[in-house]
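Peer 1: Any chance you could fold what I've pasted below:
(one chain, ligands or ions: 2)
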Amino acid sequence: MNPKPLPNQQNSNVAVVVVAAGRGERAGQADGPKQYRRIGGKAVIWHTLKAFLDHPKVGPIAVAIHADDSELFASAAGELAARVTTVVGGATRQDSTRFALIALQQSRPQAVLIHDGVRPFISPEVIDRAISGIDASHGSLPSLPVSDTLKKEAFDRTVAETVPRAGLHSAQTPQGFPFDPIFSAHQRAFEAGRSDFTDDSAIAEWAGIPVRLVLGSPDNVKLTWAKDIAMADQRLSGQAISFPDVRTGNGYDVHSFEAGDHVWLCGVKIAHSKKLNGHSDADVGLHALTDALLATCGAGDIGTHFPPSDPQWKGAASRQFVEHAAAIVRSRGGRIANADVTLICEAPKVGPHRAAMTAELADMLRIAPERISIKATTNEKLGFIGREEGIAAIATASVVYPGELPE
Ligand SMILES: Nc1ccn([C@@H]2O[C@H](COP(=O)(O)OP(=O)(O)OP(=O)(O)O)[C@@H](O)[C@H]2O)c(=O)n1
Ligand SMILES: C[C@](O)(CO)[C@H](O)COP(=O)(O)O
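Peer 2: Ligands and ions are numbered 1, 2, ... in the order given. Predicted coordinates:
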């Protein structure tokens with residue numbers, strides 16, 4: 001009986017398995033499995049299939065897809081769908097590969113390339129190298145020498161040892177094999193109850209099929225995480241990947257109490273049994289925030305701009321310090337992203353004034369109230385704050401400056 005030809009069978013003895021039946025849990029599934037997400041206007045799997053269908057040495061292609069994904073696949077592969085055979089994949093990558101090999105068996109290919117559907121940047125050169133590494137007794141493995149220093153982890157998350165990286169390679173796909181030996185190795189692994197192989201060269205190793213290392217490519221990344229998909233999209237859309245110049249500054253201030261009947265906190269006058277001692281209105285929250293803003297552009301601190309020795313700041317409203325710092329930030333092209341102030345005091349209670357403080361800060365910084373955070377904590381009666389001798393404040397501000405983060 002003549003073997004039934006597969007739809008895309010050409011005069012090639014090199015068949016291809018594309019495994020695409022995974023769920024992509026690490027990438028997050030809110031937008032569907034990662035192989036169907038769009039990069040550069042087409043689905044990931046479309047790019048992968050196109051690379052193999054365009055390669056002159058490639059013959060029949062079997063794609064393992066999930067049982068639930070027939071429609072997704074048809075829509076993602078578009079016009080390419082008719083040029084490949086689909087099979088229902090299994091619970092593991094290993095099972096999906098085996099099912100696709102079973103489907104290809106009828107074409108009697110001499111060799112097979114086994115590729116992850118989620119490596120869409122596979123190049124003709126790597127496919128060529130994978131094919132050229134295969135012969136009747138050897139498989140081929142596109143790989144890259146490991147370039148990071150490798151550390152083995154101890155039980156307590158410390159470094160147990162540094163692992164010599166000489167001779168270590170990271171494995172890519174397509175991995176190439178003579179068809180019959182790898183098909184039989186997969187069947188034997190299944191019969192032996194082995195389902196723990198993460199790639200096909202590991203099955204070859206287990207079955208005693210030698211595998212040649214051939215050069216992979218740094219571009220041939222596996223889309224594993226959501227950020228891999230975003231970067232793949234940017235790469236294909238011709239957008240430069242930008243790293244915005246976001247800078248964070250912090251500020252700290254403390255003022256002691258003296259006799260009085262109110263305090264100023266974050267621009268709000270609050271009746272209290274004492275007042276804060278200071279050259280200005282002693283608004284400790286605004287002083288900390290002024291320092292945080294200045295810190296985002298290395299513009300010194302509040303004392304640099306408003307020396308306590310200068311009589312013009314006697315009794316001044318601290319609002320103008322914040323507005324001055326915000327103006328410096330803006331003069332350097334900065335856009336304030338958010339400001340966060342924590343007041344540390346036993347009294348007065350901050351909660352009833354939080355909304356008014358938020359509105360004041362939003363007005364001073366000219367940003368939306370949801371970009372302001374006012375928090376308060378006591379000091380658990382400890383230290384000078386606990387003894388109600390003063391109030392401290394910590395502030396953080398984030399500012400986006402023009403241009404990109406320098407290398
Ligand atoms: N049962 C499975 C599991 C994985 N794969 C495929 O194997 C390739 C590499 O696997 P991986 O990146 O681990 O994909 P997922 O299993 O989908 O990802 P995750 O582990 O994050 O769920 C992918 O193309 C994936 O679709 C498969 O065909 N069948
Ligand atoms: C086959 C593989 O791509 C080789 O690097 C990889 O092992 C498959 O992905 P997984 O993340 O290990 O499931």
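
Peer 1: Check the closest residue to residue 32 other than its chain neighbours and give its pLDDT.
Peer 2: Among residues not flanking residue 32 along the chain, residue 72 sits closest, at 6.7 Å (Cβ to Cβ, 6 or more residues apart in numbering). From N, CA and C alone the C-beta is placed, and that goes for glycine too. Looking at residue 72, its pLDDT stands at 97.

Peer 1: next one: residue 309
Peer 2: At residue 309, pLDDT is 87.

Peer 1: just residue 244 next, same as before
Peer 2: 86.

Peer 1: which ones are touching it?
Peer 2: 400, 404, 405 (Cβ atoms under 8 Å, 6 or more residues apart in numbering).

Peer 1: quick one, helices of this structure?
Peer 2: Counting by DSSP state H, the chain has helices at residues 44-53, 70-77, 93-105, 124-132, 179-191, 200-207, 226-236, 284-295, 302-305, 319-331, 354-365, 383-386.

Peer 1: Can you give the domain ranges for this structure?
Peer 2: 14-236, 245-404 (automatic domain parsing).

Peer 1: Are the longest one and ligand 2 in contact anywhere?
Peer 2: Yes: with Cβ under 6 Å from any ligand atom as the threshold, domain 14-236 lies in contact with ligand 2, specifically through 93, 116, 171, 172, 173, 198, 199, 222, 224.

Peer 1: how about TSV for those, with pLDDT added?
Peer 2: Conversion of the residues of domain 14-236 next to ligand 2 to TSV gives the following (pLDDT from 0 to 100):
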residue	pLDDT
93	98
116	98
171	98
172	98
173	98
198	95
199	97
222	98
224	96
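
Peer 1: And residue 279, what's its pLDDT?
Peer 2: 86.

Peer 1: For the closest residue to ligand 1 within the stretch 301-407 of the chain, report the pLDDT, please.
Peer 2: Closest approach between the stretch 301-407 of the chain and ligand 1, counting by Cβ to the nearest ligand atom: residue 405, at 29.1 Å. Note on residue 405: pLDDT of 78.

Peer 1: Now tabulate the domains of the chain in JSON lines and tack on mean neighbour count.
Peer 2: Shown next, in JSON lines, are those (neighbours: other Cβ atoms under 10 Å):
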{"stretch": "domain 14-236", "mean neighbour count": "18"}
{"stretch": "domain 245-404", "mean neighbour count": "18"}
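
Peer 1: ok, the closest residue to residue 291 other than its chain neighbours - contacts?
Peer 2: Distances taken as Cβ to Cβ, 6+ apart place residue 251 nearest to residue 291, at 2.9 Å, with adjacent residues excluded. Residue 251 is in contact with 287-295, 301-302, 393-397, counting by Cβ under 8 Å, 6+ apart.

Peer 1: Identify the bridge partners of residue 251.
Peer 2: residue 395 (DSSP bridges).

Peer 1: so how far is ligand 1 from it?
Peer 2: Distance of residue 251 to ligand 1, given as Cβ to the nearest ligand atom, to the nearest Å: 42 Å.

Peer 1: quick one: pLDDT of that residue?
Peer 2: So residue 251 comes in at 98 (pLDDT).

Peer 1: Could you report the distance from it to residue 66?
Peer 2: Look at residue 251 and residue 66: by Cβ to Cβ, to the nearest Å, they are 53 Å apart.

Peer 1: same deal with residue 47?
Peer 2: The value you get for residue 47 to residue 66, if Cβ to Cβ is used, is 19 Å.

Peer 1: Great, nothing more from me.
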